[in-house]
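S.K.: structure for this input, please:
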Amino acid sequence: MDYIRYKGGYKYQLCKTYTVWTEIRPPRVIKTQFICLTPDGLLRIRRGYAWDGPSGPAIDTPNFMRGSLVHDAFYQLMREGYLDPEQYRRPADQLLRDICIEDGMTRIRACWVYLGVRFASGPCASPAGIKPVCTAPGRSAREA
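M.R.: As a prediction, this is how the structure comes out:
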């Protein structure tokens, strides 16, 4: 019998590669299957990237989607050890706020978003936040 391996917890999938200039500049190029970040701050998120959108009690509005995509990509790079959360978490959170404002979110709501991620999202940047690999049908990843 064939088994599949998958990860849960995603709501959205990018249909076209997205590129944005950021102030987050690592010392070397970071390249994963779906994310590339260059030392001059160019972030490229490839078509097919999956993310969970705005987290927590947040409402998934159009002025939150681009910010949540970029923020989730940076947090994934932190979880996977490519970026140091101590150095890059605050700039990623600030970028989320700035993109939301740029996309038409009110400054008050964007500040609440920023405070929410500053207060509650630290564990999401930790390697402990990596989503487990599941298998189907019915076998654990250890058995597969």
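
S.K.: contacts, neighbours, all on C-alpha from now
M.R.: Will do.

S.K.: which residues in this protein form helices?
M.R.: Counting by DSSP state H, the chain has helices at residues 62-79, 85-102, 107-120.

S.K.: list of residues touching the second one?
M.R.: Contacts with helix 85-102, where a contact means CA atoms under 8 Å, 6 or more residues apart in numbering, come from 22-24, 63-64, 66-68, 70-71, 74-75, 78, 107, 110-111, 113-114, 117-118, 125-126.

S.K.: could you dump the helices of the chain to JSON lines with mean neighbour count and mean pLDDT?
M.R.: Below are the helices of the chain laid out as JSON lines (neighbours: other CA atoms under 10 Å; pLDDT from 0 to 100):
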{"stretch": "helix 62-79", "mean neighbour count": "22", "mean pLDDT": "96"}
{"stretch": "helix 85-102", "mean neighbour count": "19", "mean pLDDT": "97"}
{"stretch": "helix 107-120", "mean neighbour count": "16", "mean pLDDT": "93"}
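
S.K.: now the ones you listed as CSV including distance to residue 135?
M.R.: Below are the helices of the chain laid out as CSV (distance: least, CA to CA, whole Å):
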stretch, distance to residue 135
helix 62-79, 22
helix 85-102, 30
helix 107-120, 30
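
S.K.: what about residue 25, how many residues nearby?
M.R.: Residue crowding around residue 25 was assessed by other CA atoms under 10 Å; the count is 17.

S.K.: mind checking how far it is from residue 39?
M.R.: As defined by CA to CA, to the nearest Å, residue 25 lies at a distance of 5 Å from residue 39.

S.K.: ok, which of the helices of the chain comes nearest residue 2?
M.R.: helix 62-79 (29.1 Å; CA to CA).
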